[in-house]
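Chemist: what follows is a predicted protein model with its sequence.
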Amino acid sequence: MDQLDHDIVQDLLPLYHDGVCSDKSRAAVEEHLQTCEDCRAALAAMDAPLPEAERAAADDAAAVQKISEEWKKTKWRARLKGAAIAAAVCAVLVFGIWVLTSEPIIPMDSQDYTVDVYRLENGGIGVDWAFREGREVWYSISWKIEEDGYHYYLERPLIRVELFNFDNKNYNRGGSAMFESWSDAAMETGAIYFGLGEDSILLWKEGEEVDLPAATAAQEEAWAPAE
């Protein structure tokens, strides 16, 4: 077998080292290595540890790859966190708007409604109220005990926004209530009022006859028992 040229063997050495050359090329390279010290040294160098600079470069590449992967993970975590925060903020805003515009949370006063109080023939006391300007308002009736007695009063949302148009007594242009019997808690206070503060109207006071106008025929009819 003719010996291969030195330069050709140099080109084949990496293939020979990795075991991927043909049997004929392998035999030729091994024959050349028997007489060429330079090629034997080059082959041995292929098994030597990487130089420090090359090893550092490889480590740097691995570090960059790791940083890139962590950045991608962090970016997705940030996106998910941002989406969760945005959803939470939206939920809080929606809930806040709902509370401010639908839940009765502050007392109403004489600027919000007019009221008519009268005594019925059966001894009950009727109270009719109408909201000013015919506006439809979401409201509820509440009560509290103050120093002078037991107070029933109307309350409404903080913000006046008409969101719904329900056909019920708590969402309309006014309402009525008749007080025939008082709760023990109300009776123990010694007096019962409709409204708060300066808008309070005395309905009943222990030991006193409260001067109230008699109900009209229409008012009596409105509270007459159903047949």
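Modeler: Yep, that arrived. Residues are numbered from 1 along each chain as shown.
Chemist: going by C-alpha atoms from here, please, whenever you check contacts or count neighbours.
Modeler: Will do.
Chemist: in the protein, what spans have low per-residue confidence?
Modeler: Residues of the chain meeting the criterion pLDDT under 70: 1-4, 49-61, 63-64, 68, 95-103, 133-137, 160-173, 227.
Chemist: in it, mark out all the strands, start to finish.
Modeler: Here the chain has its strands, by DSSP state E, at 106-107, 113-119, 125-131, 137-138, 140-146, 149-156, 171-172, 174-179, 191-194, 201-205.
Chemist: among these, which is the most enclosed?
Modeler: Stretch with highest mean neighbour count among the strands of the chain: strand 137-138 (a mean of 24; mean count of other C-alpha atoms under 10 Å).
Chemist: ok so, going back, need the strands of the chain in a markdown table (columns: distance to Leu43).
Modeler: Listed next are the strands of the chain as a markdown table, based on distance: least, C-alpha to C-alpha, whole Å:
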| stretch | distance to Leu43 |
| --- | --- |
| strand 106-107 | 92 |
| strand 113-119 | 103 |
| strand 125-131 | 102 |
| strand 137-138 | 92 |
| strand 140-146 | 95 |
| strand 149-156 | 92 |
| strand 171-172 | 95 |
| strand 174-179 | 102 |
| strand 191-194 | 106 |
| strand 201-205 | 110 |
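Chemist: among the ones you listed, which is nearest Glu221?
Modeler: strand 125-131 (11.9 Å; C-alpha to C-alpha).
Chemist: and that closest one with strand 174-179, angle?
Modeler: Angle, strand 125-131 to strand 174-179, by axes from the mean of the first three to the mean of the last three C-alpha atoms, to 10 degrees: 170 degrees.
Chemist: what number of residues lie near His17?
Modeler: By the criterion of other C-alpha atoms under 10 Å, His17 has 14 neighbours.
Chemist: if I read this right, it contacts Ala44, doesn't it?
Modeler: No: the pair His17 / Ala44 is not scored as a contact, 9.3 Å apart, by C-alpha atoms under 8 Å.
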